[in-house]
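In: Structure for this input, please:
(one chain, ligands or ions: 2)
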Amino acid sequence: MAPSKLNSSGTSISMSCSQAENGFVNSFSLFPEKAVEEILQSPIQGSDDHLIEFSEALRTVAKALRQVAEGKASAQAEAAEWKRKFELERDRNLKFEHAEKSCFEHQADLDDMRTNSPAKQPTSCNVANGQSGKCCSRKGICSHEVHKEKAPICDSKIVKKDSIKLSWFCKDDQSDQYKHDIVSFERGNITTAQRSSKQISLKWQSCPQTVLILTKPNSVSVQILCSEMVRWLRQQKNLHIYVEPRVRVELLAESSYFNFVETWKDDEEVLMLHTKVDLVVTLGGDGTVLWAASMFKGPVPPIVPFSLGSLGFMTPFYSEHYKECLESILKGPISITLRHRLQCHVIREAAKNEYETEEPMLVLNEVTIDRGISSFLTNLECYCDDSFVTCVQGDGLILSTTSGSTAYSLAAGGSMVHPQVPGILFTPICPHSLSFRPMIFPEHVTLRVQVPFNSRSPAWASFDGKDRKQLAPGDALVCSMAPWPVPTACLDDSTNDFLRSIHEGLHWNLRKTQSFDGPRET
Ligand SMILES: NC(=O)c1ccc[n+]([C@@H]2O[C@H](COP(=O)([O-])OP(=O)(O)OC[C@H]3O[C@@H](n4cnc5c(N)ncnc54)[C@H](O)[C@@H]3O)[C@@H](O)[C@H]2O)c1
Ligand SMILES: Nc1ncnc2c1ncn2[C@@H]1O[C@H](COP(=O)(O)OP(=O)(O)OP(=O)(O)O)[C@@H](O)[C@H]1O
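Out: Ligands and ions are numbered 1, 2, ... in the order given. Sure thing, here's the model as predicted:
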């Protein structure tokens, strides 16, 4: 490189060029105007070669600056476009919520007119807030009949779905003062007045009639228990039993006795299961609970998870005692954990003009956006409502429910959170930064994770560890709290079950107790 030139004031200036040539000198203030003029006016002492070299260098710098400016302008345009899309989606969701609410109220009114039995009337759920009327308070968990546009399957064998009541209960609360009904389970809906961190108790209005049993595949012990349980529920409790098509085949291979067991033919029928099933029993591990939740895209009946897996964080019931457990569940009341789910939409860049999203995915644990098989660093821009949160540069990001806080999020350094706490955990996976700590957002926010256009590779989203979807540069994932929680039965209560799991399953804070003898404060 040629030696630097000295201007009249003796300042070392390494480059020079006319403003008209690059057009960016002023806007980026790299070269004060005065200094440039001085160079141009000062007598040139060096050779012409040097001048040519300097102007080449300046041209290169000008080009780079122009590219930066263009990139910035295009990013701003892109951000404006995404904001527009985002607002469109928000409006659409609001309209959807509004339509669903009116439809639900209309349906409830019709039901009110049809029945005179007090037990069958939809429960007025907002008593604590001094409000009366139907459920669906804006802040509440409201699980409506989402598949109402589809006609119920007419099958004479199918019995009417039972109704349940959920109520708060506080330990040591002798009076009924704070107890009130918060949930109606008529027509398969679960509706609560507000998301609650208090213990919730479920009471059957009348005995449940239909049980769905879901089992972990390829396990002999699960298969044996399943056929035993089906026999017992049929012979002792006279219940209708649903199982997956695979399980019905297995049962019939064992004996033609199981002919009464019902199943479904296609996905359409699966979508209507919540209108037929009073109770879901899972035989397996946590994966089977996730599987059960994923079968219900809208309201979820109460789930009783029996532990036949290795860890069983969400499966408190012992399979050896299944008869006693089911006796007590069928009798009620049952303590339940109302587990929140996240609703995720993938928004494709290609959907820019005609606004469209893919089918929403519901997750009980988490949605993960990671680098998949790519060896490049993931680059993810994250927004909370309209505000920029951060750019994740690392292996990826986990957006987790509080139930999922003890799963992948925990492995990535996230905090363990009681499952009844409403919130969304924001946990980076191996961030390449010394200062990136996990965060927890409140339940009401909408998070958006976008793969920027300048990303070196696509990202991959997976939902409760399944259904991987590629996110190309420009694609985004939008995530918010789902309106349909997953009620899981507790062995004891929410808190005791959670603490038992972290102690027995994860051996949390296991340490030898300090001995009594030794030095002490005087
Ligand atoms: N590094 C990790 O820890 C890691 C990596 C990938 C996936 N996962 C988790 O696996 C889940 C899928 O579970 P699976 O059983 O279908 O897959 P799997 O068979 O691979 O099991 C994953 C393990 O996570 C446990 N687990 C699942 N949900 C849990 C929860 N809420 N709390 C505590 N432990 C839980 C399961 O008991 C099992 O031991 C994903 O949702 C994700 O959270 C964890
Ligand atoms: N009914 C089902 N149909 C298809 N796949 C299922 C079903 N139930 C569970 N699975 C899948 O089988 C896998 C293992 O199930 P699960 O996690 O229940 O057993 P596990 O691994 O033995 O137990 P744990 O999770 O406690 O270690 C999971 O990936 C889960 O998604």
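In: Could you pull out the strands in the stretch 301-450 of the chain for me?
Out: Counting by DSSP state E, counting those that start in this stretch, residue ranges of the strands within the stretch 301-450 of the chain are 303-307, 317-318, 334-339, 342-347, 361-363, 366-370, 378-384, 387-400, 424-431, 439-441, 446-450.
In: what packs against the fourth one?
Out: Packed against strand 342-347, as judged by 3 or more Cβ pairs under 8 Å, 6 or more residues apart in numbering; DSSP states H and E, are the following elements: helix 48-114, strand 361-363, strand 366-370, strand 387-400, strand 459-463, strand 476-481. C-beta here means a position set from N, CA and C on the backbone, and glycine is covered the same way.
In: Okay, T315 and F498: tell me how far apart.
Out: Distance check for T315 against F498: by Cβ to Cβ, to the nearest Å, it reads 13 Å.
In: and of the strands of the stretch 301-450 of the chain, who's closest to ligand 2?
Out: Of all the strands of the stretch 301-450 of the chain, the one in closest proximity to ligand 2, counting by Cβ to the nearest ligand atom, is strand 303-307 (7.4 Å).
In: what is the rounded mean pLDDT of that closest one?
Out: Mean per-residue pLDDT for strand 303-307: 97.
In: what angle do it and strand 334-339 make?
Out: The directions of strand 303-307 and strand 334-339 differ by 90 degrees, with axes from the mean of the first three to the mean of the last three Cα atoms, to 10 degrees as the criterion.
In: Using PDB, list the CA coordinates for strand 303-307.
Out: This file holds the C-alpha atoms of strand 303-307, laid out as PDB (Å, rounded to 0.1, in the frame of the first residue of the first chain):
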ATOM      1  CA  ILE A 303     -56.100 -37.600  30.700                       C
ATOM      2  CA  VAL A 304     -55.100 -40.300  33.300                       C
ATOM      3  CA  PRO A 305     -51.500 -41.200  32.600                       C
ATOM      4  CA  PHE A 306     -50.200 -44.600  33.800                       C
ATOM      5  CA  SER A 307     -46.500 -44.900  34.000                       C
END
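In: In it, which residues are buried?
Out: 303-307 (16 or more other Cβ atoms under 10 Å).
In: Counting by contacts, list what it packs against.
Out: Contact partners of strand 303-307 among helices and strands, from 3+ Cβ pairs under 8 Å, 6+ apart: strand 279-284, helix 286-295, strand 317-318, helix 322-331, strand 486-489.
In: Just tell me which of the ones you listed ends up closest to ligand 2.
Out: Between ligand 2 and the helices and strands packed on strand 303-307, the shortest separation by Cβ to the nearest ligand atom is 2.3 Å, and it involves helix 286-295.
In: for the closest one, packing partners?
Out: Under the contact definition 3+ Cβ pairs under 8 Å, 6+ apart, helix 286-295 sits against strand 210-215, strand 279-284, strand 303-307.
In: The chain against ligand 2: which residues are in contact?
Out: When proximity is defined by Cβ under 6 Å from any ligand atom, the chain lies next to ligand 2 at 214-217, 244, 284-288, 290-291, 309-312.
In: PyMOL command to pick out the buried ones of these?
Out: Once 16+ other Cβ under 10 Å is used to decide burial, the buried members of the residues of the chain next to ligand 2 can be selected in PyMOL as follows:
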select buried, resi 214+215+216+244+284+285+286+287+288+290+291+309+311+312
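In: Rank the residues of the chain next to ligand 2 by pLDDT and give me only the lowest.
Out: Here the lowest pLDDT out of the residues of the chain next to ligand 2 sits on G309, with 81.
In: which ones are touching that one?
Out: Counting by Cβ atoms under 8 Å, 6 or more residues apart in numbering, G309 makes contact with 216, 284-288, 315.
In: same check, this time on A459
Out: 369-372, 378, 380, 396, 451, 470-471.
In: want to throw the helices and strands packed on helix 286-295 into JSON lines with distance to ligand 1?
Out: Putting the helices and strands packed on helix 286-295 into JSON lines (distance: least, Cβ to the nearest ligand atom, whole Å) gives the following:
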{"stretch": "strand 210-215", "distance to ligand 1": "13"}
{"stretch": "strand 279-284", "distance to ligand 1": "9"}
{"stretch": "strand 303-307", "distance to ligand 1": "10"}
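In: coming back round to it: any idea which of the strands of the stretch 301-450 of the chain gets closest to I52?
Out: In terms of Cβ to Cβ, the element of these nearest to I52 is strand 378-384, at 39.3 Å.
In: Now for the closest residue to N259 other than its chain neighbours, how many residues are close by?
Out: Leaving aside its chain neighbours, N259 sits nearest to L252 (7.1 Å; criterion: Cβ to Cβ, 6 or more residues apart in numbering). Residues within reach of L252, counting by other Cβ atoms under 10 Å, total 13.
In: Please report the distance of the residue lying closest to F453 once chain neighbours are set aside from ligand 2.
Out: Take F453 and drop its neighbours on the chain: the residue closest to it by Cβ to Cβ, 6+ apart is P473, 4.9 Å away. Distance of P473 to ligand 2, given as Cβ to the nearest ligand atom, to the nearest Å: 30 Å.
In: what's the helix or strand for P473?
Out: Per DSSP states H and E: P473 is located in neither a helix nor a strand.
In: wait, what's in contact with L214?
Out: By Cβ under 8 Å, 6+ apart, the residues touching L214 are 243-244, 280-284, 288, 291-292, 295.
In: Ok, S219 next?
Out: Applying Cβ under 8 Å, 6+ apart, we find S219 in contact with 284, 308.
In: Per-residue pLDDT of it, please?
Out: 96.
In: And it, how far from D286?
Out: Between S219 and D286 the computed distance is 14 Å (Cβ to Cβ).
In: tell me the pLDDT at I13?
Out: What the model reports as pLDDT for I13 is 34.
In: Among the contacts of L214, give me the pair with the biggest separation.
Out: Those two in these that are separated most widely, counting by Cβ to Cβ, are L283 and M295, at 14.6 Å.
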